[in-house]
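> quick one, fold the following:
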Amino acid sequence: MANLHFHYGTMGASKSASLVINAYNFKRNDTNVEVIKPQFDSRFAAEKIVSRIGIETPALSLKNLNDFTPKKDTQVILVDEIQFFSPSDVDKLVDIADNKNIIVMCYGLMVDSNEQLFPASKRLIEVGAKLHRMESTCQISGCMKLATHHLRFDNKGNVIRAGEQFQLGDSNFKSVCRQHFNMLYHKSGKGEKGGR
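Numbers count the residues shown, from 1 in each chain. Predicted coordinates for the structure are as follows:
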């Protein structure tokens, strides 16, 4: 089994829910698990990973992984919102996976709302993490295509095409297929705001 995994998908693809379920199943099978989240992600709780469907698991909240050392008996590390960590944090996880024989499973977004790779996600690809795409459908009403992109909207429903790459919250984001991304991001700039 590969020691380094990247489970990626758009918002609403059940990434955090999958992490919580995996944490539960590992623990139930007496596998020693550590769960990590970035301090930057303060949406639901400081020391928990909470899925939108209401399931949760305790987590260690860290600014970065500079001083992180796995516990002696750790067998699996689960990392949520990996895109909010840095490439050097990913390198730390690579070292843990390769030299401590610990399975590291990262969950997060691949690209931002401007179609740019997040630096940590890019680094996971570069270092050869096993990629697992988690699928969901486009959130434009009536569209059933695979969601591959994100659109960010202002409070008037206009597409935002610039700004900080790291943004919290999902009320002003929509996961969309490539066709709707190109239609709304590159052409009209106006779209329906919010989720389905």
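
> what are the buried residues along stretch 24-37?
Phe26, Val33, Glu34, Val35, Ile36, Lys37 (16 or more other CB atoms under 10 Å). Yep, even glycine has a C-beta here, placed from its N, CA and C like the rest.

> off-centre distance for that stretch?
In terms of CA atoms, centre = their mean, to the nearest Å, the centre of stretch 24-37 is found 19 Å from the chain centre.

> using CSV, write out the CA atom coordinates for that stretch.
Extracted as CSV, the C-alpha positions of stretch 24-37 are listed here (Å, rounded to 0.1, in the frame of the first residue of the first chain):
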residue,chain,number,x,y,z
TYR,A,24,-13.4,6.0,13.0
ASN,A,25,-12.8,2.8,11.1
PHE,A,26,-9.0,2.9,11.8
LYS,A,27,-9.6,3.4,15.5
ARG,A,28,-12.3,0.7,15.6
ASN,A,29,-9.7,-1.7,14.2
ASP,A,30,-7.2,-0.7,16.9
THR,A,31,-5.0,1.3,14.4
ASN,A,32,-3.3,4.2,16.1
VAL,A,33,-4.3,7.4,14.2
GLU,A,34,-3.4,11.0,14.5
VAL,A,35,-5.7,13.6,12.9
ILE,A,36,-4.3,17.0,11.9
LYS,A,37,-5.9,20.2,10.6
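
> what's it in contact with?
19, 23, 49, 57-62, 65, 68, 70-71, 73-81 (CB atoms under 8 Å, 6 or more residues apart in numbering).

> just give me the residue closest to the centre of the protein.
The centre of the chain sits closest to Gly108, judged by CA atoms, centre = their mean, with a distance of 1.4 Å.

> leaving out the residues flanking it, which one is nearest to that residue?
Nearest residue to Gly108, sequence neighbours excluded (CB to CB, 6 or more residues apart in numbering): Ile82, at 3.8 Å.

> about what we covered before: quick check, nearest of the buried residues of stretch 24-37 to Gly9?
Comparing those against Gly9 with CB to CB places Lys37 closest, at 17.0 Å.

> that closest one and Phe6, how far apart?
16 Å (CB to CB, to the nearest Å).

> residues contacting the residue nearest to the centre of the chain?
By CB under 8 Å, 6+ apart, the neighbours of Gly108 are 6-8, 15, 79-84, 118, 120-121.
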